[in-house]
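Undergrad: What follows is a protein structure lacking sequence information:
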């Protein structure tokens, strides 16, 4: 219900309500606002204690309400008496006056005092300002609600207050405060304890002021504090690092650098804003570590020294130094790559030294496989360092791999020794002391993995395996199969399938001999034949030696047996691959069984016909190649064996030299193995022939790879084809682009491929 007011009668007196509706002038209104609200509030703010807390007494509520009501009334009056804009201006003038009369004099007074005194006043004034601006914002709340939103280019009263503080106070004293903070930081770095709470609050002024201003935020901190902090840090550690480098060893310097890095991280956690984290730590690490990395690593106490010390009495300290080196440079861009390069060079140097010493060593040292043992120990040692001190970071695994690949593949020397080492650890009666055979085989396969031209190692390994299988010299079939499994894991199925086929041949041969012996029991000699499938076993020429009657009879009988069972096959006897147990009557009282090679057996059987043979007569009677026969007879006539006598008793053999069974031979054992001496001279033509066989096989493999790729792709550019061929064959060997080009030309001649008529770099599959 709306009540109508009665009109006032003439002559009536003005009441109290009419007085309240009177217009308030700007001067009267502002005097009332200033005296009742602003001035008492500013006086109260000036009495803030050192911790930034206002005194407990506050402005009486009636005074605050009267101030707010006055502002409200002056802002809702009709034009031209609406004083919203003038009051906004008065608000700014009041704060500016307070800054000029109270804040600036207080800060100016302590500007020349020690940094800590100034910073205390700097922090106090910022706290006073926050109270002052926030209090004034509450009093002039009406302006923010109605006047500021409806006016262009006006800040709200809070942001306006902080803007005025920035213009009048902050800009005037920011450099002094920053320099005072930086001075305290430098003194703390030099070991003098500082008030970290004060430093934190001093730096917060730069952060909080930016946060109070829209579109500014951290820009004040970045421009007015962060840049100077980073610059000072760079300069400080630039000078200090140079001094420490000249005075300290590499490990000592790393300890010092780690302490500095930890101290800076502590400052960031305690009082420096987190924005400076990246810039401050980058500056610290750059000046302490990055700029001096090459000098540190190359010091006499640098990376080489630390790696060498890992095997001595100082091993634990050296490993801790390496771990510290890794920790520090893990946070430096590209830092660990340089360390890995230095580790690679160090490993290469050690590996090359081992190889050179092995070449210079003679006799026993070589036979003891010192090189392979040294390389295994070297790899074990650095693999542990990579996993433990370098936290298995990929760049160090890569450095270890590349180092071993570099010195192992300089020539085929190491590959040949590795194959021989593998043979000796799997051979019966090995003289190599092995604590753990499985672990040793793992190491052999590990070194095999570093060989680029694996086909050369594989050729040697296959020949050794053939010898062990044919002469029954394998210590354990289980170990042999375990080794093949490990090699298959490393290199794939293609090559190891041949090794597995060799075992299958031996197993089938044993079964075959059981059936043969059941049907043929009338022989004076016992026969065991290993039937080897062509292609699975190492290829070698078949020597047409002359078999004694007894041997010829039994071998012919086995040939008939075999061909009857497997029609269409061809069987050839390789007399240079087997061994025999021969019963020899040296004298009336001495009869021994000699375990000899097949060639030595043929020689011994000659003495059933006469007592003395010349070398020329032996050659004619047996058909054994001269060099092989020389090895056979000298092995039995050796001074440590003396199963035969030679006249004259020299190392050389001529056609007229005579041989006979030694009637004075004695040996406590009933069965004596006769070792075959390695007295064949190394012939370059044999090595060349072996390498030519390998190159021939490689050409076939390149041809097959090219055809496979082109059959699948149909059309391919020359560079892409070369890349694909290398990719397919690098597990076996690394083909050269020029060799691939020759094989492509050969396949074009054979009409497997053809060139494009318009682009000679483009090939098409033709078949």
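TA: Arrived safely. Bear in mind the structure is a predicted one, so any value in this text is a computation, not a measurement.
Undergrad: ranges for the helices of the stretch 101-250 of the chain?
TA: For the stretch 101-250 of the chain, the helices defined by DSSP state H, counting those that start in this stretch occupy 104-110, 115-139, 141-142, 157-165, 171-189, 196-212, 219-221, 227-247, 250-270.
Undergrad: Packing partners of the second one?
TA: The helices and strands touching helix 115-139, judged by 3 or more Cβ pairs under 8 Å, 6 or more residues apart in numbering; DSSP states H and E, are helix 39-46, helix 61-76, helix 84-98, helix 104-110, helix 157-165, helix 171-189, helix 196-212. For glycine as for every other residue, the C-beta is placed from the backbone atoms N, C-alpha and C.
Undergrad: quick one, that helix and helix 171-189 angle?
TA: Helix 115-139 and helix 171-189 are oriented at 140 degrees to each other (axes from the mean of the first three to the mean of the last three Cα atoms, to 10 degrees).
Undergrad: Just the buried residues of helix 115-139, please?
TA: Buried residues in helix 115-139, counted by 16 or more other Cβ atoms under 10 Å: 115, 118-133, 135-137, 139.
Undergrad: what's the most buried one of the helices of the stretch 101-250 of the chain?
TA: Ranked by mean neighbour count under mean count of other Cβ atoms under 10 Å, the helices of the stretch 101-250 of the chain are led by helix 157-165, which reaches a mean of 22.
Undergrad: relative to helix 171-189, how tilted is that one?
TA: 80 degrees.
Undergrad: now the strands for the stretch 451-600 of the chain?
TA: 579-585, 591-597 (DSSP state E, counting those that start in this stretch).
Undergrad: which of the ones you listed is buried the deepest?
TA: For these, the highest mean count by mean count of other Cβ under 10 Å goes to strand 591-597, at a mean of 18.
Undergrad: Can you tell me what sits against that one?
TA: For strand 591-597, contacts defined as Cβ atoms under 8 Å, 6 or more residues apart in numbering pick out 576, 578-586, 600, 604, 632, 636, 643, 665, 667, 669-674, 676.
Undergrad: and what of stretch 339-350?
TA: So stretch 339-350 is contacted by 297, 302-304, 307, 325-326, 329, 378, 382, 395-396, 398-400, 402-404, 406-407 (Cβ under 8 Å, 6+ apart).
Undergrad: about what we covered before: would you tell me which of the helices and strands packed on helix 115-139 gets closest to residue 536?
TA: helix 171-189 (73.8 Å; Cβ to Cβ).
Undergrad: quick one, that closest one and helix 250-270 angle?
TA: 140 degrees.
Undergrad: Any chance you could list what contacts helix 171-189?
TA: 104, 107, 111, 115-116, 118-119, 122, 194-195, 199, 202-203, 205-206, 224-225, 228-229, 232, 236, 260, 263, 267.
Undergrad: 6 Å instead, please
TA: If you take Cβ atoms under 6 Å, 6 or more residues apart in numbering as the criterion, helix 171-189 is touched by 107, 111, 115, 118-119, 122, 194, 199, 202, 224-225, 228, 232.
Undergrad: That one vs helix 196-212, what angle?
TA: Going by the same axes, to 10 degrees, helix 171-189 makes 140 degrees with helix 196-212.
Undergrad: Point out where the stretch 351-500 of the chain drops to low pLDDT.
TA: Counting by pLDDT under 70, the ranges of the stretch 351-500 of the chain that qualify are 362-368.
Undergrad: now with 50?
TA: 364-365 (pLDDT under 50).
Undergrad: And the helices in it?
TA: Using DSSP H, counting those that start in this stretch, helices in the stretch 351-500 of the chain cover 364-367, 370-388, 394-408, 413-426, 437-450, 454-470, 477-491, 493-519.
Undergrad: Quick one: closest of those helices to residue 33.
TA: Between the helices of the stretch 351-500 of the chain, helix 394-408 lies closest to residue 33; by Cβ to Cβ that is 70.7 Å.
Undergrad: now the closest one against helix 413-426, angle please.
TA: Using the same axes, to 10 degrees, helix 394-408 lies at 90 degrees relative to helix 413-426.
Undergrad: Give the buried residues for helix 394-408.
TA: 395-396, 399-400, 403-404, 406-408.
Undergrad: ok, longest helix in the chain?
TA: helix 684-713 (DSSP state H).
Undergrad: now for the helices and strands packed on helix 115-139, which one comes closest to residue 533?
TA: Per Cβ to Cβ, nearest to residue 533 of those: helix 171-189, 78.4 Å.
Undergrad: distance between the closest one and the chain's centre?
TA: Averaged C-alpha coordinates place helix 171-189 at 44 Å from its chain's average position (Cα atoms, centre = their mean, to the nearest Å).
Undergrad: just stretch 249-261 next, same as before
TA: Put simply, stretch 249-261 sits 24 Å off its chain's centre (Cα atoms, centre = their mean).
Undergrad: ok, and what's touching it?
TA: Contact with stretch 249-261 is made by 244, 288, 296, 299, 301-302, 321, 324-325, 328, as judged by Cβ under 6 Å, 6+ apart.
Undergrad: mind putting these in CSV, secondary structure and pLDDT included?
TA: Listed next are the contacts of stretch 249-261 as CSV, based on DSSP: H, G, I helix; E, B strand; the rest coil; pLDDT from 0 to 100:
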residue, secondary structure, pLDDT
244, helix, 95
288, helix, 95
296, helix, 94
299, coil, 93
301, coil, 93
302, coil, 93
321, helix, 95
324, helix, 96
325, helix, 96
328, helix, 95
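Undergrad: From these, list just the buried residues.
TA: Buried members of those, scored by 16+ other Cβ under 10 Å, are 244, 288, 296, 299, 301-302, 321, 324-325, 328.
Undergrad: Farthest pair within these?
TA: 288 and 301 (17.0 Å).
Undergrad: thinking again about what came up before, which of the contacts of stretch 249-261 sits closest to residue 42?
TA: Nearest to residue 42 among the contacts of stretch 249-261, with distances taken as Cβ to Cβ, is residue 288, at 49.6 Å.
Undergrad: How about the contacts made by the closest one?
TA: 237, 241, 257, 260.
Undergrad: and which of the residues you listed is nearest to residue 61?
TA: Closest to residue 61, out of all of the contacts of residue 288 and judged by Cβ to Cβ, is residue 260, at 56.7 Å.
Undergrad: per-residue confidence for that closest one?
TA: On the pLDDT scale, residue 260 is placed at 95.
Undergrad: How about the one 5 residues further on?
TA: Model confidence at residue 265, given as pLDDT, is 95.
Undergrad: Which residue is the nearest non-sequential neighbour of it?
TA: residue 281 (7.2 Å; Cβ to Cβ, 6 or more residues apart in numbering).
Undergrad: okay, now the one you found: neighbour count?
TA: 16 (other Cβ atoms under 10 Å).
Undergrad: Okay, it and residue 38: tell me how far apart.
TA: Relative to residue 38, residue 281 is positioned 47 Å away (criterion: Cβ to Cβ, to the nearest Å).
Undergrad: Can you report how many residues lie near the nearest residue to residue 66 once chain neighbours are set aside?
TA: With sequence-adjacent residues excluded and distances taken as Cβ to Cβ, 6+ apart, residue 66 is closest to residue 36, at 5.5 Å. Other residues within reach of residue 36 by the criterion other Cβ under 10 Å amount to 21.
Undergrad: what's near enough to touch residue 36?
TA: By Cβ under 6 Å, 6+ apart, the neighbours of residue 36 are 63, 66-67.
Undergrad: cool, and residue 285?
TA: Residue 285 touches 331-332, counting by Cβ under 6 Å, 6+ apart.
Undergrad: ok, now how distant is it from residue 248?
TA: 18 Å.
Undergrad: With that, I have no additional questions.
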